[in-house]
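A.B. asks: no sequence for this one, just the structure:
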């Protein structure tokens, strides 16, 4: 999925795809490696944060990420949109962890490699709000 939409501007559609995979996993009782895909999306979020938002941004009004597939340049530089994307990704990743823990007999075998990737993201991420948000996931993965 990541190679179909390699740019960070397509993060909303990739989050939509993640939600669909989670719905399939929950409703069909089939294992889908959605958590690994969610952890991959963290790299795009960190890449988005490399370029700091412009001063005075964070005021884009009426942005509904539920219906959006791609970010415009203005939205890409908006701090509020970035925070909302991070929150949506956090909720989807949290749901993937809960589904994995409830369905698998030994979820730690799948969670251990992903914990390392989450630690790398937390070290690499430049946005303090995102680090604070995703630090909560680290404790849930244990």
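C.D. replies: Sure thing, it's come through. Keep in mind that this is a model prediction, so the values were computed, not measured.
A.B. asks: you'd agree residue 79 is up against residue 49?
C.D. replies: No. If you go by CB atoms under 8 Å, residue 79 and residue 49 don't touch, sitting 9.8 Å apart. Where you see a C-beta, it was placed from the backbone N, CA and C, and this is true even at glycine.
A.B. asks: residues near residue 78, how many?
C.D. replies: By the criterion of other CB atoms under 10 Å, residue 78 has 20 neighbours.
A.B. asks: Counting neighbours, what do you get for residue 137?
C.D. replies: Residue 137: 21 neighbours (other CB under 10 Å).
A.B. asks: what's the strand or helix carrying it in contact with?
C.D. replies: In this assignment (DSSP states H and E), residue 137 forms part of helix 128-140. Residues from elsewhere that reach helix 128-140 (CB atoms under 8 Å, 6 or more residues apart in numbering): 42, 45-46, 49, 83, 86-87, 90, 93-94, 97, 115, 118-119, 121-122, 125.
A.B. asks: Buried residues in it, which are they?
C.D. replies: By neighbour count on 16 or more other CB atoms under 10 Å, the buried set for helix 128-140 is 130-131, 133-134, 137.
A.B. asks: So residue 73 versus residue 53, what's the distance?
C.D. replies: Per CB to CB, to the nearest Å, residue 73 is found 12 Å from residue 53.
A.B. asks: SS state for residue 83?
C.D. replies: Following DSSP: H, G, I helix; E, B strand; the rest coil, the label given to residue 83 is helix.
A.B. asks: With adjacent residues omitted, what lies nearest to it?
C.D. replies: Nearest residue to residue 83 in three dimensions, chain neighbours excluded: residue 129, at 6.1 Å (CB to CB, 6 or more residues apart in numbering).
A.B. asks: How about residue 24?
C.D. replies: Nearest residue to residue 24, sequence neighbours excluded (CB to CB, 6+ apart): residue 32, at 5.8 Å.
A.B. asks: swap in residue 114?
C.D. replies: Per CB to CB, 6+ apart, closest to residue 114 is residue 39, 5.2 Å.
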